[in-house]
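**Student:** Here is the input, now give the coordinates:
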Amino acid sequence: MSIKTAQRMERVPASGIRRFFDIAAQMSDVISLGIGEPDFVTPDSIRQAGIRSIEQGRTAYTSNSGLLELRVAIADHLERLYGVRYDPEQEILITVGVSEALQNAMLATINPGDEVIIPEPCFVAYPACVIFADGKPVSVSTYAADSFQVSAQAIAQAITPRTRALLIGYPNNPTGAIMPRERLLEVAALAEQHDLIVFSDEIYDRLTYGTQHTCFASLPGMRERTVLMGGFSKAYAMTGWRLGWVAAPVEVISATRKVHQYAIMSAPTMAQYAGLEALRSGEQACVEMVAEYDRRRKTIVSGLNAIGLPTFEPQGAFYAFPSIAHLGISSEIFCERLLQEQKVAVIPGDVFGQSGSGFVRACYAASMDKIETALDRIEKFVRTIT
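**Tutor:** All right, here's what the predicted structure looks like:
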């Protein structure tokens with residue numbers, strides 16, 4: 001007897017990011033610009049809050065929704081930054097990272113066959129989350145010439161009678177693009193016209209460089225149709241704590257909480273206390289980390305351009321997305337050869353969608369020394385091709 005897996009699994013590829021990470025992990029002297037993870041340690045005050053929760057025996061389940069104190073702090077945080085207010089008791093749910101928030105919200109709102117429009121290049125989990133909810137992901141390409149900003153016109157051309165939602169992620173992974181307020185307003189008007197749910201992944205909202213992030217839910221009329229998601233991993237260097245949140249109207253949170261109840265119960269208690277401390281005292285650490293990312297951003301973008309790899313200037317997150325199309329090899333072959341020949345790990349652009357073909361993603365959340373050494377190695381590799 002053989003156990004057959006669900007047909008939907010055939011439509012979901014294994015993560016292209018993890019494949020290169022696993023290869024690099026088995027090699028020595030590799031400089032990894034592959035995984036989107038801060039190289040900073042979680043700030044001490046945040047770590048200590050997690051430790052105290054354990055020492056004081058606060059290790060039991062929390063409410064399914066998460067610590068009320070944490071939900072209140074998130075509500076205050078969003079109102080202070082973006083002027084949008086959520087009821088912490090009914091409209092905020094604490095999750096195991098943004099990935100769980102997105103998957104659960106999809107399961108709670110998407111019916112079989114519903115179409116979800118996704119601008120790409122995009123985070124690899126987006127199409128998979130739609131498929132796991134028995135929906136149909138519909139990709140809309142963005143381009144370097146347009147600063148990788150999706151247009152309302154392109155979205156409108158993808159809308160059909162089956163379109164249920166739009167899933168956006170800005171600041172963007174993998175391109176580092178942001179969406180200015182005026183373009184988001186055009187998208188918002190389209191969402192209202194066609195009665196679309198908007199899933200907005202804003203995990204990189206604090207990582208912007210010389211520009212202002214616009215929270216989608218803060219736009220006129222959008223709070224009631226937006227499923228807003230964020231977390232602690234990037235701004236506070238808390239990737240391993242696995243802590244995120246989703247904010248949305250009561251009926252969406254109520255349904256999403258049901259999925260969370262049966263699949264998770266509650267996010268890790270000690271992580272929630274650490275997250276509470278992050279919102280109370282982590283702002284200065286966040287500002288300092290962003291300043292360092294900005295320094296690295298300038299170095300890697302200028303370095304890649306000097307090598308002859310045209311690189312769009314990212315305005316958010318911590319990724320550079322250089323073009324390698326002119327080299328005459330695929331993104332995957334470029335990454336495989338660079339890893340084997342020069343021991344630098346980057347990610348093929350097409351794992352983030354077909355519009356990423358001809359690009360690679362390089363994460364600059366690595367130390368300056370590693371970035372500079374990686375640039376030297378990349379230059380040597382490129383010389384062997386050109």
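
**Student:** what's the weakest-modelled helix or strand in this structure?
**Tutor:** helix 16-25 (a mean of 65; mean pLDDT, DSSP states H and E).

**Student:** after that one comes which helix or strand?
**Tutor:** Of the helices and strands lying after helix 16-25 in sequence (DSSP states H and E), the nearest is strand 31-32.

**Student:** Mind giving me the packing neighbours of that next one?
**Tutor:** Packed against strand 31-32 by the contact rule (3 or more C-beta pairs under 8 Å, 6 or more residues apart in numbering; DSSP states H and E) you find strand 344-345, helix 368-385. Using the backbone N, CA and C atoms, a C-beta is placed for each residue, glycine as well.

**Student:** go again using 7 Å as the cut-off
**Tutor:** Using 3 or more C-beta pairs under 7 Å, 6 or more residues apart in numbering; DSSP states H and E, the elements in contact with strand 31-32 are helix 368-385.

**Student:** ok now the helix it packs on, how far from the chain's centre?
**Tutor:** 26 Å (C-alpha atoms, centre = their mean, to the nearest Å).

**Student:** tell me the mean pLDDT over that helix?
**Tutor:** Helix 368-385 shows a mean pLDDT of 97.

**Student:** Could you report the distance from Asp350 to Gly221?
**Tutor:** Asp350 sits 36 Å away from Gly221, going by C-beta to C-beta, to the nearest Å.

**Student:** who's more crowded, those two?
**Tutor:** Counted by other C-beta atoms under 10 Å, Asp350 and Gly221 do not tie: Asp350 has more neighbours, with 19 against 11.

**Student:** Just give the number of residues close to the closest residue to that one other than its chain neighbours.
**Tutor:** Closest residue to Asp350 apart from its sequence neighbours, by C-beta to C-beta, 6 or more residues apart in numbering: Ser357 at 4.3 Å. Ser357 is flanked by 16 other residues according to other C-beta under 10 Å.

**Student:** Distance check, Asp294 against Gly66.
**Tutor:** When distance is defined by C-beta to C-beta, Asp294 is 32 Å away from Gly66.

**Student:** Neighbour count: these two, which is higher?
**Tutor:** For Asp294 versus Gly66, the count of surrounding residues by other C-beta under 10 Å is larger for Gly66: 26 against 16.

**Student:** Phi first, then psi, for the nearest residue to that one once chain neighbours are set aside.
**Tutor:** Nearest residue to Gly66, sequence neighbours excluded (C-beta to C-beta, 6+ apart): Ile94, at 2.5 Å. With angles defined as degrees, to the nearest 10, Ile94 sits at phi -90, psi 130.

**Student:** what's the spacing between Ile94 and Tyr262?
**Tutor:** Using C-beta to C-beta, we find Ile94 at a distance of 16 Å from Tyr262.

**Student:** which one of these two has more residues nearby?
**Tutor:** Counting neighbours by other C-beta under 10 Å for Ile94 and for Tyr262 shows that Ile94 has the greater number, 29 against 10.

**Student:** For Pro314, list the residues it contacts.
**Tutor:** Listed by C-beta atoms under 7 Å, 6 or more residues apart in numbering, the contact set of Pro314 reads 175-177, 297, 320.

**Student:** taking those residues one by one, which sit in helices?
**Tutor:** Arg297 (DSSP state H).

**Student:** which one of the contacts of Pro314 sits closest to Ile31?
**Tutor:** Closest to Ile31 out of the contacts of Pro314 is Ala320 (14.2 Å), distances taken as C-beta to C-beta.

**Student:** wait, that closest one sits on Pro310?
**Tutor:** No: contact criterion C-beta atoms under 7 Å: Ala320 and Pro310 do not qualify, at 11.0 Å.

**Student:** In terms of neighbours, single out the busier of the two.
**Tutor:** The residue with more neighbours, out of Ala320 and Pro310, is Ala320; 30 against 14, by other C-beta under 10 Å.

**Student:** tell me the pLDDT at the more buried one?
**Tutor:** 98.

**Student:** mind checking how far it is from Gly244?
**Tutor:** Distance, Ala320 to Gly244, using C-beta to C-beta: 25 Å.

**Student:** do the same with Thr211
**Tutor:** In terms of C-beta to C-beta, Thr211 sits 24 Å off from Gly244.

**Student:** ditto for Ser53
**Tutor:** If you measure Ser53 against Gly244 using C-beta to C-beta, the figure is 18 Å.

**Student:** Pick out whichever of those two has more residues nearby.
**Tutor:** Neighbours around Ser53 and Gly244, counted as other C-beta under 10 Å, are more numerous at Gly244. The numbers are 26 against 20.

**Student:** Spatially nearest residue to the more buried one (excluding sequence neighbours)?
**Tutor:** Counting by C-beta to C-beta, 6+ apart, Gly231 is the residue found nearest to Gly244 once chain neighbours are left out, at 3.3 Å.

**Student:** so who does the one you found touch?
**Tutor:** Gly231 neighbours (C-beta under 7 Å, 6+ apart): 97-98, 203, 243-245.

**Student:** can you give me the strands in the stretch 1-150 of the chain?
**Tutor:** With DSSP state E, counting those that start in this stretch applied, the stretch 1-150 of the chain shows strands at 31-32, 92-95, 115-120, 136-141, listed in chain order.

**Student:** Of these, which is nearest Arg280?
**Tutor:** Nearest of those (C-beta to C-beta): strand 92-95, 15.8 Å.

**Student:** Show me how far the helix or strand hosting Leu279 is from its chain's centre.
**Tutor:** Taking DSSP H and E as the definition, Leu279 sits inside helix 269-281. Chain-centre distance of helix 269-281: 20 Å, with C-alpha atoms, centre = their mean.

**Student:** list the buried ones in that helix?
**Tutor:** Neighbour counts using 16 or more other C-beta atoms under 10 Å place 269-279 of helix 269-281 among the buried residues.
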